[in-house]
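**Q** Next input, structure requested:
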Amino acid sequence: MLIFLCNCFVFIHILCIIALLIKNIYIMVSRFLYFVFVLFLGLSYSQTKKSCGKKKNSFNDVFNIAKKCSTSKKGTKRMLIRRKKSKKNHMRKNTSNAGLSTTIEKMPFNLVDRKPVFSNCVGIEESKQSKCFKNELLRHVKRHFNYPEDSYERGIQGKVLVQFVIDEFGEVDNIWVRGPKNGKELEKEAKRIVKRLPKFVFPGKKGNNVVKVKYGFPINFRIE
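**A** The predicted structure is shown next:
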């Protein structure tokens, strides 16, 4: 019996030693893997630093470098967008009418030789272009007119004077409005209507030169 107990004690002692060895091996393997992980991060950081062109050695700066890199890419994109826009503007100027002068003259509607042309007025006689222009403008105002609800309820009405310019590309620009007292909403509505004017097929002309055309008309806001 005594021999059996001694054997059991020895067996348990051997198991304890084996468990202790396994624990030490586990600790060593964990430390080794941690070392490999840190080494991998260090290599990744050095590659990031090279790509950004920075010479900082602090490991904590890796996120700052990533930010600077992304910022520089955004800056590059902005430069490319600006170049594209400037290129488009340059092409737009070059493809405009051959009679376009360096400084575009601005003239009243009734003094130009060729009126700006709505798409529905193409092909109409030159002498009837002015009438066609006014009819199309009136049709546009009626189609898009919407009396501001707040002004309607408060009984605000009156005439809003509108002036705008049709530029050398046939687009509406420099809109100016002046309405009655407390008629800010009426002015805003008049401006919205004019902004929605379509692009004119042909800009105005004086002689052989393309010109900017000034035009003015009233919009009556009346409560009946």
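
**Q** What residue spans form the domains of this protein?
**A** Here the domain parsing of the chain from automatic domain parsing is 2-77, 106-221.

**Q** Which stretch among those domains is buried most, on average?
**A** Most buried of the domains of the chain by mean neighbour count (mean count of other Cβ atoms under 10 Å) is domain 106-221; its value is a mean of 16. (C-beta placed from N, C-alpha, C; glycine too.)

**Q** any idea which helix or strand of the chain has the worst average confidence?
**A** Within the chain, no helix or strand scores below helix 62-94, which has a mean of 43 by mean pLDDT, DSSP states H and E.

**Q** Determine the longest helix present in this protein.
**A** helix 2-52 (DSSP state H).

**Q** Now do that one: which elements does it pack against?
**A** Where contact means 3 or more Cβ pairs under 8 Å, 6 or more residues apart in numbering; DSSP states H and E, helix 2-52 is packed against helix 62-94.

**Q** Who are the packing partners of the helix or strand just after the helix it packs on?
**A** Counting by DSSP states H and E, the next helix or strand C-terminal to helix 62-94 is strand 106-108. Here strand 106-108 touches strand 209-221, going by 3+ Cβ pairs under 8 Å, 6+ apart.

**Q** returning to that earlier point: for the domains of the chain, which has the smallest mean pLDDT value?
**A** Out of the domains of the chain, domain 2-77 stands lowest, with a mean of 62 (criterion: mean pLDDT).

**Q** can you tell me how far Val122 sits from Glu136?
**A** 11 Å (Cβ to Cβ, to the nearest Å).
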